[in-house]
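**Q** Kindly return the folded structure for what I paste below:
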Amino acid sequence: MMCGKFKNIRCMLLFMGLTVLSCGYEYTPERFHKWVQNHPEFHKEKIQGGYLFEANYLPKDLMVLREYGDEISQQEYEMRKSDFDSLQYFSVKIGAENRQSNALKHQLNSVEEYSHRIEYFVAKAQNEFYLQKGAEYVKCELYHFERYYNSVPYDVVVLGFSRFKDPSTKEKTILKYFDQILGLGQVSFEFDSEQLYHIPKLNL
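**A** A predicted model of the protein is given here:
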């Protein structure tokens, strides 16, 4: 029990430290990547029905770096970042609970089922993802299925949602997936809304 308490304390201290350090600080692209990767509130895992899900919040500045590279100039960054203002971004990684297979192949019953899964994740799953805060739901406006052709034991979807009308509310931001292909029903992930807006500035 004491070990569990100490672990929780360490996580809390890390969480508080990341929050404080993000306010008013400017990070290089390399440090910014590490900051996002280590932020405990940006990554949520859930096991359901034999599948392992990992939902990740993707700050706007991270999307700019992914699109244009870490060598982007300050001038181009200032010009390009507004292209990402209208949406809030997440990714969801889906694989087998045992980390041995991706979502397309895990627990398959037939080749036909495999084809149905590909069709679903490529062309239909966008309509099954929503973002909720309080009573407000926003739909998925941008959807990209990243397929790795069995080179890694997971598949990834990148999601862009409309922004909430009142982003200042402190209610939890909940990412919801209403599965229609894996037999899982609803899968949801809760994020601390306030932490999603405490992002350090990029120093390019």
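**Q** Pick out the residue closest to the middle of the protein.
**A** residue 56 (2.3 Å; C-alpha atoms, centre = their mean).
**Q** excluding its backbone neighbours, what's nearest that residue?
**A** Spatial nearest neighbour of residue 56, excluding adjacent residues (C-beta to C-beta, 6 or more residues apart in numbering): residue 91 at 4.8 Å. Yep, even glycine has a C-beta here, placed from its N, CA and C like the rest.
**Q** Distance check, the one you found against residue 111.
**A** Counting by C-beta to C-beta, to the nearest Å, the separation of residue 91 from residue 111 is 28 Å.
**Q** host element of the residue nearest to the centre of the chain?
**A** Per DSSP states H and E, residue 56 falls inside strand 51-58.
**Q** So what are the sheet partners of that strand and their directions?
**A** With DSSP bridges as the test, strand 51-58 is paired with strand 43-48 (antiparallel), strand 87-96 (antiparallel).
**Q** Which one, of those strands, ends up nearest to residue 125?
**A** Residue 125 lies closest, by C-beta to C-beta, to one member of the strands paired with strand 51-58: strand 87-96, at 9.7 Å.
**Q** Give me the contacts around the closest one.
**A** 50-60, 62-63, 101-103, 106-107, 129, 131, 141-142, 153-163, 175, 177, 196 (C-beta atoms under 8 Å, 6 or more residues apart in numbering).
**Q** So which of these sit within strands?
**A** 51-58, 129, 131, 141-142, 155-162, 175, 177 (DSSP state E).
**Q** Which residue, other than its chain neighbours, is closest to residue 162?
**A** Going by C-beta to C-beta, 6+ apart, residue 162 has residue 138 as its nearest residue, at 4.2 Å.
**Q** same thing with residue 154?
**A** residue 95 (3.3 Å).
**Q** Quickly list what that neighbour is bridged to.
**A** residue 52, residue 102.
**Q** Quick one: neighbours of it, just the number.
**A** When neighbours are defined as other C-beta atoms under 10 Å, residue 95 has 22 of them.
**Q** Distance of it relative to residue 106?
**A** Per C-beta to C-beta, residue 95 is found 7 Å from residue 106.
**Q** Residue 191 too?
**A** 26 Å.
**Q** what's the answer for residue 112, then?
**A** 16 Å.
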